[in-house]
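[1] any chance you could fold what I've pasted below:
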Amino acid sequence: MPPLLAPLLMVWLAVMAAVVLPAAPRAGEVGEFLNDFASADCPADGPAKVLFLDIAGETAGLACGRARMGGPVANVEDRFLIASVSKLYLAVALMQLDEAGRLDIDDPAPNWLPPEVVTGLKGLEGISIAMLLTMTSGIPDYLDDAYFLSSIADAHAGVAARDILTKAILSVADAPRLFEPGTGFDYSNTNYLLAQLVLEKAAAAPMLQVFTERLLEPAGLNRTGLLGYGVGPRDFVQGFEDFGKGPEPVDAYLTGYGFGDGGLVTTAAEVAGFYKALFVDGALLDDDSLDRLLEDPSGEGYGMGIEIGTLAGLGEVLGHSGSDTGFSADIRYLPEQAVTVVYLSAQAEGDLSVTWELLEELP
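    All right, here's what the predicted structure looks like:
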């Protein structure tokens with residue numbers, strides 16, 4: 001067993017105060033170690049939570065709660081909606097198209113967007129594709145309660161995914177720009193809806209097809225899918241959110257479509273596997289593209305779909321958090337330590353600090 005694994009798992013138990021169940025299937029010393037771990041404080045019927053660790057290639061997983069209300073105990077191999085953790089996948093796919101000469105990441109974004117979107121947003125002058133990915137465009141966020149409710153109604157009414165996406169983008173048409181392009185930073189999901197349209201135009205294919213052919217198959221990820229495209233609420237763990245009357249299942253709210261700002265459904269191990277393929281194996285981007293991906297033009301600790309930070313004594317920390325209806329997620333990767341931590345929760349607004357607290361326990 002890796003010497004760092006035991007203290008990390010001990011911290012996890014202290015932080016989560018939850019029953020921790022061993023991963024299955026078990027492998028070698030890590031599995032034997034996990035067999036000895038349990039606590040009595042996790043509600044047996046609580047929302048599913050999974051923690052996955054990769055320390056220099058040695059992996060371990062822990063799970064607690066129920067996969068669905070009244071259903072089986074959660075397993076580390078269960079799938080979750082990972083929300084904005086998905087943004088890096090889109091950024092990587094666009095950088096791949098840059099490498100292939102299908103576009104230039106510094107192209108003006110309007111060159112790759114539908115005319116009705118460009119006109120509706122009053123031109124988008126001065127905004128490049130890269131600015132969309134680094135949140136430096138100045139375009140405000142579409143994502144609010146009004147959009148949430150209207151998108152559910154539209155999906156139930158059978159409105160096409162592309163029409164819902166376009167409606168979301170154009171919902172900010174009359175909102176003032178937050179700053180001149182390239183002069184500030186604001187985390188706006190609208191950027192990644194626009195980036196999805198750019199991707200699909202340049203690749204001449206739907207985003208899911210591009211992801212499958214360019215990201216998932218090369219990285220050996222066969223349990224990652226996109227909400228609404230062959231993946232429905234019954235295909236992953238049941239999420240919970242408090243809408244004012246206590247926690248309730250959110251299946252009925254997840255009948256729409258996943259878009260470029262955060263719609264992937266996957267396992268903790270496959271999130272870690274994507275980071276490994278990208279940053280360790282070099283299977284997805286060349287070194288120059290990786291360097292560009294990790295540039296932080298705003299100085300706000302954000303590259304292209306990835307948060308960039310540091311921990312004292314441990315060096316650079318890469319990753320992303322995410323929150324959606326009934327779900328929370330976080331991944332942190334330490335390149336210098338070869339450590340990856342993934343935390344997935346089937347509970348909205350979950351405490352995602354557990355990944356950082358675990359990393360801080362590294363000697």
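
[2] any idea of the pLDDT on Ala312?
    pLDDT recorded at Ala312 is 89.

[3] what count of nearby residues applies to it?
    6 (other CB atoms under 10 Å). Glycine gets a C-beta too; all of them are placed from N, C-alpha and C.

[4] just the mean pLDDT for stretch 172-183, thanks.
    Mean pLDDT, stretch 172-183: 97.

[5] buried sites along that stretch?
    In terms of neighbour count (16 or more other CB atoms under 10 Å), stretch 172-183 has its buried residues at Val172, Arg177, Pro181, Gly182.

[6] cool, and stretch 287-296?
    Using 16+ other CB under 10 Å as the test for burial, stretch 287-296 gives Ser289, Leu290, Arg292, Leu293.

[7] ok now that stretch, how far from the chain's centre?
    For stretch 287-296, the separation from the chain centroid amounts to 19 Å (computed by CA atoms, centre = their mean, to the nearest Å).

[8] what residues does it touch?
    91-92, 95-96, 98-99, 105, 134, 278-279, 285, 302-306, 308, 318 (CB atoms under 8 Å, 6 or more residues apart in numbering).

[9] the same query, at a cut-off of 10 Å, please.
    The set of residues external to stretch 287-296 that reach it, using CB atoms under 10 Å, 6 or more residues apart in numbering, is 88, 91-92, 94-96, 98-99, 105-106, 130, 133-134, 185, 278-279, 282, 284-285, 302-308, 316, 318, 335.

[10] buried only: go through those for me.
    Once neighbours are counted (16+ other CB under 10 Å), the buried part of the contacts of stretch 287-296 comes down to 88, 91-92, 94-96, 98, 105, 130, 133-134, 185, 278-279, 284-285, 302-308, 318, 335.

[11] quick one on the thing from earlier: mind putting the buried residues of stretch 172-183 in a markdown table, distance to Leu62 and secondary structure included?
    Listed next are the buried residues of stretch 172-183 as a markdown table, based on distance: CB to CB, whole Å; DSSP: H, G, I helix; E, B strand; the rest coil:
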| residue | distance to Leu62 | secondary structure |
| --- | --- | --- |
| Val172 | 40 | coil |
| Arg177 | 45 | coil |
| Pro181 | 44 | coil |
| Gly182 | 43 | coil |
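
[12] quick revisit: narrow the buried residues of stretch 287-296 to those in helices?
    Ser289, Leu290, Arg292, Leu293 (DSSP state H).

[13] just those residues now: which is nearest Tyr147?
    Closest to Tyr147 out of those is Leu293 (28.5 Å), distances taken as CB to CB.

[14] neighbours of the closest residue in space to Gly123 that isn't next to it in sequence, just the number please.
    Distances taken as CB to CB, 6 or more residues apart in numbering place Pro110 nearest to Gly123, at 7.0 Å, with adjacent residues excluded. Under the neighbour criterion other CB under 10 Å, Pro110 is assigned a count of 20.

[15] now do the helices in this structure.
    5-16, 28-35, 87-99, 115-120, 129-133, 145-156, 161-170, 190-203, 207-211, 217-219, 268-275, 287-293, 354-360.

[16] show me what the mean pLDDT comes to for the shortest one.
    On average, the pLDDT along helix 217-219 is 98.

[17] show me what that helix is packed up against.
    Secondary-structure packing of helix 217-219 (3 or more CB pairs under 10 Å, 6 or more residues apart in numbering; DSSP states H and E): helix 268-275.
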